[in-house]
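Undergrad: using only what follows, build the 3D model:
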Amino acid sequence: MVPRCLKTDVMDLMTLNTINEEELSVGDTLVVGDDGYLTKTAGTNAGDMKWLVVKVYTMPDNQPGVKVQRIQ
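TA: Alright, predicted model coming up:
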């Protein structure tokens, strides 16, 4: 089941390409932006969820992708 359909908990890992950033590196902290994409800068609906970038790579269809872990 896709994590976007279920509740995520702290320490959950997820691979996705819904990131609204040009450059990311391992160790960056992301939050939910106003458009629903993960971003480095908090939007007005950021809430308490924070995600840590664990791996940066290219998805099988050549889109940029990341593996993130929920830390808060």
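
Undergrad: other residues contacting stretch 50-68?
TA: For stretch 50-68, contacts defined as C-beta atoms under 8 Å, 6 or more residues apart in numbering pick out 13-17, 19, 24-31, 38, 69-72. For glycine as for every other residue, the C-beta is placed from the backbone atoms N, C-alpha and C.

Undergrad: filter those residues down to the buried ones.
TA: 14, 16, 19, 24, 28, 30-31, 38, 70 (16 or more other C-beta atoms under 10 Å).

Undergrad: farthest-separated two in these?
TA: Comparing all pairs in the buried ones among the contacts of stretch 50-68 by C-beta to C-beta, the longest separation belongs to 24 and 70, at 16.1 Å.

Undergrad: tell me, how many residues neighbour residue 22?
TA: 6 (other C-beta atoms under 10 Å).

Undergrad: which residues does the spatially closest residue to residue 17 that is not a sequence neighbour bridge with?
TA: Residue nearest to residue 17 in three dimensions, not counting chain neighbours: residue 65, with 4.5 Å by C-beta to C-beta, 6 or more residues apart in numbering. Taking DSSP bridges as the rule, residue 65 bridges to residue 57.

Undergrad: please tell me how far residue 65 sits from residue 24.
TA: 10 Å (C-beta to C-beta, to the nearest Å).

Undergrad: before we move on, the earlier item: and which of the buried ones among the contacts of stretch 50-68 is nearest residue 8?
TA: Distances from residue 8 to the buried ones among the contacts of stretch 50-68, taken by C-beta to C-beta, are shortest for residue 70, at 5.3 Å.

Undergrad: how much space between the residue lying closest to residue 39 once chain neighbours are set aside and residue 61?
TA: With sequence-adjacent residues excluded and distances taken as C-beta to C-beta, 6+ apart, residue 39 is closest to residue 33, at 3.9 Å. Plainly put, residue 33 is 23 Å away from residue 61 if you go by C-beta to C-beta.
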